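A.B. asks: structure for the following, please:
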Amino acid sequence: MIKMIKEFQKLLKEKNLSYYIVPTDDDHQSETVGDHFQSRAYLSGFTGSAGILLVKQDAAYLWTDGRYFIQAAKQLEEGITLMKMSQKGVPTLLEFLSQDVQPHDIIAFDGQTMNAQFVLDLEEVLEDVEHDIECIDLLDEFWTQRPAMSCQKAYIYDLKYNGLSAHEKIEIIQEYMKENNCTSHIVTPLDDIAWIFNLRGGDIPCSPTALAFALITLDQSYLYLQKEAYDQSMVDAYLQEQVIIKDYYQIYQDVMKLEGSVLLNTQQINYELFNLISCDIVNGMNPSQAFKAIKNDVEIENTKNAHIKDGVAMTKFMYWLKKNYGKIPMDEISISDKVAELRQQQDLFVDLSFTTICAFNKNAALMHYHATQEDHSKVEGNGFLLIDSGGQYLDGTTDITRTYALGHISPIQKKHFTMVLQGMLALQNAHFLYGATGISLDILARTPMWEEDIDYQCGTGHGVGHFLNVHEGPQGIRPRPRLQGEECKLEAGMIVTDEPGIYLEGQYGIRIENELLCVDGVENEYGQFMHFDVLTVAPIDLDAIDVEILTYKEKKWLNDYHQQVYNKVSPFLSEEEKIWLKEYTKEI
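C.D. replies: Numbers count the residues shown, from 1 in each chain. Predicted structure coming up:
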């Protein structure tokens, strides 16, 4: 990897470039990207889903967040300095550049994968320093065996799973545009486009989206797809929805012709596309982001069904694990394969919703550890096994984490597991007034850890899409505001995860995660009260709990949850599995 960076630095010198910035993104600012866009991982060796690489002619730096500190330190080799975001004394990338850039320096990046807002912010912090910006995709030249862009067949998502036609959704957005005096709207996030047009595909790993752009005017809508991704039947179907399909790259010409005012989100549009626009710009959140976050009745009913199936798969897995542990060889790869096998047996299963995290003991201290054929652990002896996994079903997207006690675990391990459980239950059973944001509720999940001077370096929960991205905004449960934008109020119909944890480097990691549906409760003179319905139905390992630590209320919460698990899952189990589940959901 040192050689890789040094060779790339030679290219910078040849091109007379002072800096080259490599984000994690594709042309759509996607969180997960296809192989063609894995430039940062290719150059740095760091495979986490979040991070940005800065290469100078004589140095290199990688910024990433708390989820990946341990992983990045392990994967990055000499020649790349790890910059731990949000840690004391660590500048942001913009702060670093504001201090480091010298007059006449040239800062380069691929304009199609660089976030427009980042470039605007960069220009602002460097306004007093004479410099040049150059958009160039050096990886096309440097990465000689770079994979081609994915181009899978796209398809139209059936109305029985989503509840609203593309035409109806477009009308909602056009009404929003009128209210905000906009004559056009550019949409680039793949999940927003998928939601608006009821479009699905397979261009992003574990996310049923197609590479596409969209342009919506007050009287017409355009969907930009790779030519190999659609056929005439799709063209005809979309014409009935008043949607015209055009070539994927045609949008770069079309935006130059826009007049009036265009609505877009500078956080979610690539710089090259943004820089071609000459008309007035209204910068704001894509309305589709807010609309799709609130699931309609059809989506809610479908996702409940998906979670029951997912709970059946995870219950069958736990039964298999507990029955066979110590009797047959197990490792992180074979266990991940078993989880996938049981999901694949469920009706309407399409794919995993993300690469399964199966981590034993010290590996679980890496929040987003991924076992590989070259680097994985046997699962044997005593300890914690953490499995964070999920499925993409036609009727919904799931995300669940369970930590299992295997063999003998110590009293302190039981205490830590129980603390995480207490935090998860406290958030899951929260009652709150309308107007609360995720920041308002985050402390409920962290309190048991904070009382012991322990914390986890990430948010507590994220939104989840409907047969879409497993990470979806704008809602989330987090301890502090996002860097940009207002915090989102929790609305009825929103889905969030609830996943506190404890991570002890070199020892073990514990995380327990359920998906929650935000619902309206009582409305009275004090306002509209709200609470959560639990979507995830799978047992929590009683073997790992120190019952003495739990309060009466916490025991009741857990007992009520386990009764719900048994009632919903047991009809789909064998008699032997039912007997086992009865024991693992018994009252404590």
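
A.B. asks: what element comes up after the lowest-mean-pLDDT helix or strand in the chain heading to the C-terminus?
C.D. replies: Scoring the helices and strands of the chain by mean pLDDT, DSSP states H and E places helix 69-75 at the bottom, with a mean of 88. Once helix 69-75 ends, the next helix or strand along the chain (criterion: DSSP states H and E) is strand 81-84.

A.B. asks: how about that following strand as PDB, C-alpha atoms only?
C.D. replies: Provided in PDB are the C-alpha atoms of strand 81-84 (Å, rounded to 0.1, in the frame of the first residue of the first chain):
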ATOM      1  CA  THR A  81      -1.800   9.400   8.600                       C
ATOM      2  CA  LEU A  82      -5.100   8.600  10.300                       C
ATOM      3  CA  MET A  83      -7.100  11.700  11.200                       C
ATOM      4  CA  LYS A  84      -9.700  10.800  13.800                       C
END
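
A.B. asks: ok, back up a step: list the buried residues in the least confident helix or strand of the chain.
C.D. replies: Neighbour counts over helix 69-75 (16 or more other Cβ atoms under 10 Å) mark 69-72, 75 as buried. Where you see a C-beta, it was placed from the backbone N, CA and C, and this is true even at glycine.

A.B. asks: so what's the residue nearest to the spatial centre of the chain up against?
C.D. replies: Residue closest to the average C-alpha location in the chain (Cα atoms, centre = their mean): His471, at 3.0 Å. Neighbour list for His471: 31, 462-464 [criterion: Cβ atoms under 8 Å, 6 or more residues apart in numbering].

A.B. asks: can you check Leu558 too?
C.D. replies: Contacts for Leu558 (Cβ under 8 Å, 6+ apart) come out as 421, 425, 540, 550, 588.

A.B. asks: show the buried residues in the residues you listed.
C.D. replies: 421, 425, 540, 550.

A.B. asks: help me confirm that the second one is found in a helix?
C.D. replies: Yes: for Leu425, which was evaluated using DSSP: H, G, I helix; E, B strand; the rest coil, the result is membership in a helix.

A.B. asks: my guess is it contacts Glu554, does it?
C.D. replies: Yes: counting by Cβ atoms under 8 Å, Leu425 touches Glu554, with 5.7 Å between them.

A.B. asks: joint contacts of the two?
C.D. replies: By Cβ under 8 Å, 6+ apart, no residue touches both Leu425 and Glu554.

A.B. asks: mind giving me the domain split of this structure?
C.D. replies: With domains defined by automatic domain parsing, the chain comprises 2-142, 155-288, 294-584.

A.B. asks: and the helices in the stretch 101-250 of the chain?
C.D. replies: Using DSSP state H, counting those that start in this stretch, the helices of the stretch 101-250 of the chain run over 116-125, 138-142, 159-162, 166-179, 190-197, 232-240.

A.B. asks: before we move on, back to that, would CSV of the contacts of His471 with distance to Asp331 be doable?
C.D. replies: Converted to CSV, the contacts of His471 look like this (distance: Cβ to Cβ, whole Å):
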residue, distance to Asp331
Glu31, 28
His462, 29
Gly463, 33
Val464, 29
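
A.B. asks: pLDDT check: weakest of those?
C.D. replies: Minimum pLDDT for the contacts of His471 is recorded at Glu31 (90).

A.B. asks: which residues touch that residue?
C.D. replies: Applying Cβ under 8 Å, 6+ apart, the residues contacting Glu31 are 49-50, 469, 471.

A.B. asks: if we can go back for a sec, got a markdown table for the buried residues of helix 69-75, with distance to Ser207 too?
C.D. replies: Output for the buried residues of helix 69-75, formatted as a markdown table (distance: Cβ to Cβ, whole Å):
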| residue | distance to Ser207 |
| --- | --- |
| Phe69 | 25 |
| Ile70 | 26 |
| Gln71 | 21 |
| Ala72 | 23 |
| Gln75 | 23 |
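
A.B. asks: among the contacts of His471, which are in strands?
C.D. replies: 462-463 (DSSP state E).

A.B. asks: between which two of the contacts of His471 is the distance greatest?
C.D. replies: Glu31 and Val464 (12.8 Å; Cβ to Cβ).

A.B. asks: one step back: of the contacts of Leu558, which belong to helices?
C.D. replies: 421, 425 (DSSP state H).

A.B. asks: from the contacts of Leu558, pick the one nearest Thr355.
C.D. replies: The nearest one, if we look at the contacts of Leu558 relative to Thr355 and count by Cβ to Cβ, is Ile540, at 23.3 Å.

A.B. asks: isn't the closest one up against Gln564?
C.D. replies: No: between Ile540 and Gln564 no contact is recorded; they are 11.9 Å apart, counting by Cβ under 8 Å.
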